[in-house]
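**Student:** Got a predicted model here, sequence first, then my questions.
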Amino acid sequence: MRLSSMADYAVVTMTAAARHCGRHGAGGARVSAQQLADETGLPVPTVQKLVSKLAAAGLLKSVRGLGGGLKLARPAAAISLADIVEAVEGPIAMAPCSVHGRHDCTLEADCTVRPHWPEVDAALRGALAGVTLTQLTRPVPAGVVAGASA
């Protein structure tokens, strides 16, 4: 399984916001979409689109007026990787048939795997829910290679 580019960019954007706003979310400094774009290297329109989705999902809050900007809607420790991915992609589902109401699979009538997808989806969501935004903002220790396993 691979994240879509937009889900990946949402994670990058949220980690940048967490670094700017502090890990505690409420209170803390504010950051603009332009600052997030500058820090992440993403185009401003992409960041604005992501900010809109992340705010609609209750992960970011927009503050107007003097000293306004964006801030985390709740502490970074209370925002999971699953929350971020679902804000952009919708419910986590490995197979199209595990999304409630979808009936577009030609194998659906005789499929013996379909009843098991919700359990797989829950396991995947649980794994992503176990990774917090706080964890994603921590520096990687020297000598640790990205993608390497122990």
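**Tutor:** Yep, that arrived.
**Student:** Kindly format the C-alpha coordinates of stretch 3-12 as PDB.
**Tutor:** Extracted in PDB, the C-alpha atoms of stretch 3-12 (Å, rounded to 0.1, in the frame of the first residue of the first chain):
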ATOM      1  CA  LEU A   3      -0.100   6.900   0.300                       C
ATOM      2  CA  SER A   4      -1.400   9.200  -2.400                       C
ATOM      3  CA  SER A   5       0.700  12.300  -3.000                       C
ATOM      4  CA  MET A   6      -1.900  14.500  -1.400                       C
ATOM      5  CA  ALA A   7      -2.000  12.300   1.800                       C
ATOM      6  CA  ASP A   8       1.800  12.400   1.900                       C
ATOM      7  CA  TYR A   9       1.800  16.200   1.500                       C
ATOM      8  CA  ALA A  10      -0.800  16.500   4.200                       C
ATOM      9  CA  VAL A  11       1.500  14.600   6.600                       C
ATOM     10  CA  VAL A  12       4.400  16.900   5.600                       C
END
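**Student:** ok, the residue nearest to the spatial centre of the chain to residue 72 distance?
**Tutor:** By CA atoms, centre = their mean, the chain has its centre lying nearest to residue 84, at 1.9 Å. Counting by CB to CB, to the nearest Å, the gap from residue 84 to residue 72 is 11 Å. C-beta here means a position set from N, CA and C on the backbone, and glycine is covered the same way.
**Student:** For stretch 56-71, give the mean pLDDT please.
**Tutor:** For stretch 56-71, mean pLDDT rounds to 88.
**Student:** which stretch of helix or strand covers residue 61?
**Tutor:** Element membership of residue 61 [criterion: DSSP states H and E] is strand 60-63.
**Student:** hmm, who's touching whichever helix or strand comes after that strand?
**Tutor:** Toward the C-terminal end, the helix or strand that comes next after strand 60-63 (DSSP H and E) is strand 69-72. Surrounding strand 69-72, the residues in contact under the criterion CB atoms under 8 Å, 6 or more residues apart in numbering are 17-18, 21, 25-26, 28-33, 36, 51, 55, 59-63, 79, 133.
**Student:** overlap in contacts of residue 84 and residue 72?
**Tutor:** Common contact partners of residue 84 and residue 72 (CB under 8 Å, 6+ apart): 59, 133.
**Student:** Which is the succeeding secondary structure element to the helix ranked longest in the chain?
**Tutor:** In the chain, taking DSSP state H as the definition, the longest helix is helix 5-21. Remark: after helix 5-21, the chain's next helix or strand is helix 33-40, criterion DSSP H and E.
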